[in-house]
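*Asks:* Mind folding the following:
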Amino acid sequence: MFDSVRCGNKGDTVLDKYVLPDKKIHCRIIDGETVILNFKDNTFYFLNPMGSFIWNLADGKTKVNKIIGAILKEFDIDHETAKKDTSSFIERLSKKGILNLYDKPKTALKS
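*Replies:* From the prediction side, this is the model:
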């Protein structure tokens, strides 16, 4: 999902969660590629097309399992692979403090 980090295969714990980028993250599209700057550790992440697709759906109002459904419509990928890769991607970014997981819908705070 993102080029600089290899995703693991852990997975199902995030499927019923809502996901939202942390407010201390800066994101831009540069030459069609999503670039994220984590101000907490000054690390850049470059997302591939599927990672960018997930990032754009991480609005705090959409459950991870709905994001997986959207991936299945957009990309040529089977359900198990989409579920595993999406869960791993979200868990990885969550552990790095880039994405936050919630049990209930959330909205981004306006800055």
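*Asks:* Now the residue lying closest to Y18 once chain neighbours are set aside: phi and psi?
*Replies:* Beyond its immediate neighbours in the sequence, the residue positioned closest to Y18 (CB to CB, 6 or more residues apart in numbering) is Y102, lying 4.5 Å away. For glycine as for every other residue, the C-beta is placed from the backbone atoms N, C-alpha and C. The phi/psi pair for Y102 (degrees, to the nearest 10) reads phi -130, psi 150.
*Asks:* For Y102, give me its contacts.
*Replies:* With contact taken as CB atoms under 8 Å, 6 or more residues apart in numbering, Y102 is in contact with 17-20, 60.
*Asks:* same thing but at 10 Å, please
*Replies:* With contacts taken as CB atoms under 10 Å, 6 or more residues apart in numbering, Y102 has the following neighbours: 17-20, 60, 63.
*Asks:* Which pair of those spans the longest distance?
*Replies:* Using CB to CB, the pair of those lying farthest apart is L20 and K63, separated by 11.7 Å.
*Asks:* any residues in contact with both of those two?
*Replies:* 102, 105.
*Asks:* Show me which of those two is the more surrounded one.
*Replies:* Set L20 next to K63 and count neighbours by other CB atoms under 10 Å: L20 wins out with 20 against 16.
*Asks:* just checking, the more buried one touches N100?
*Replies:* Yes. Applying CB atoms under 10 Å as the test, L20 and N100 come out as touching, 5.3 Å apart.
*Asks:* Give me the common contacts of these two.
*Replies:* Shared between the contact lists of L20 and N100 (criterion: CB under 10 Å, 6+ apart) are residues 58, 60, 106.
*Asks:* show me where the chain has helices.
*Replies:* Chain-ordered helices for the chain, with DSSP state H as the definition, fall at 49-57, 64-74, 79-95.
*Asks:* looking at the ones you listed, which is closest to N42?
*Replies:* When those are compared by CB to CB, helix 79-95 sits nearest N42, at 16.0 Å.
*Asks:* Next, the buried residues of the closest one.
*Replies:* By neighbour count on 16 or more other CB atoms under 10 Å, the buried set for helix 79-95 is 82-94.
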